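Asker: any chance you can model this:
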Amino acid sequence: MSPDITADSDTQLARVLSSLSDDKAEEIVQVDLRGKTAIGDHMVICSGRSSRQVTAIAEKLVERLKQELGVASRIEGKETGDWVLIDTGDIIVHVFRPEVREFYQLEKMWLPADKQPTAN
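Answerer: All right, here's what the predicted structure looks like:
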């Protein structure tokens, strides 16, 4: 696929979700930010089983977005692999180790009460 520099946020979101699924990210949660904040259109939160998987999920995602959609992303936290943040400008992706995700509970800040994930 040739890069499309004008990939809209919904196109980016679809590719983000498929990339995360391909790389076996767990508990993928999507938050629609449109009309709630100016930081982006969508937020995606997911988990990897280990620091190594968290880092790999993030690196592959950034590479796929660049190669397939021409979208440059900023990435932070890759060095430790506890919580990696990827920012495309339209989409913010958080990839956590499960313990770190549980500690910060980002879903509770952004999702309405009726959309909160349930405990296992």
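Asker: can you give me the strands in this protein?
Answerer: For the chain, the strands defined by DSSP state E cover 26-32, 42-47, 74-76, 83-87, 91-96.
Asker: could you list the low-pLDDT ranges of this structure?
Answerer: 1-6, 113-120 (pLDDT under 70).
Asker: show me what contacts the spatially most central residue of it?
Answerer: Nearest to the geometric centre of the chain sits Val93, at 2.2 Å (Cα atoms, centre = their mean). By Cβ atoms under 8 Å, 6 or more residues apart in numbering, Val93 lies in contact with Val16, Leu20, Met43, Val44, Ile45, Cys46, Ala58, Leu61, Leu85, Ile86, Asp87. Just so you know, the C-beta spots here come from the backbone N, C-alpha and C atoms, and that holds for glycine as well.
Asker: try it again at 10 Å.
Answerer: Contacts were defined as Cβ atoms under 10 Å, 6 or more residues apart in numbering; by that measure Val93 touches 12-13, 16-17, 19-20, 25, 28, 40, 42-46, 57-58, 61-62, 65, 73, 75, 84-87.
Asker: next: Arg34.
Answerer: Shown in contact with Arg34 (Cβ under 10 Å, 6+ apart): Ser9, Gly40, Asp41, His42.
Asker: what of Phe103?
Answerer: Applying Cβ under 10 Å, 6+ apart to Phe103 gives the contacts Asp82, Trp83, Phe96, Arg97.
Asker: pretty sure the first one sits against Ala58.
Answerer: Put plainly, it is Asp82. No: counting by Cβ atoms under 10 Å, Asp82 stays clear of Ala58, with 11.4 Å between them.
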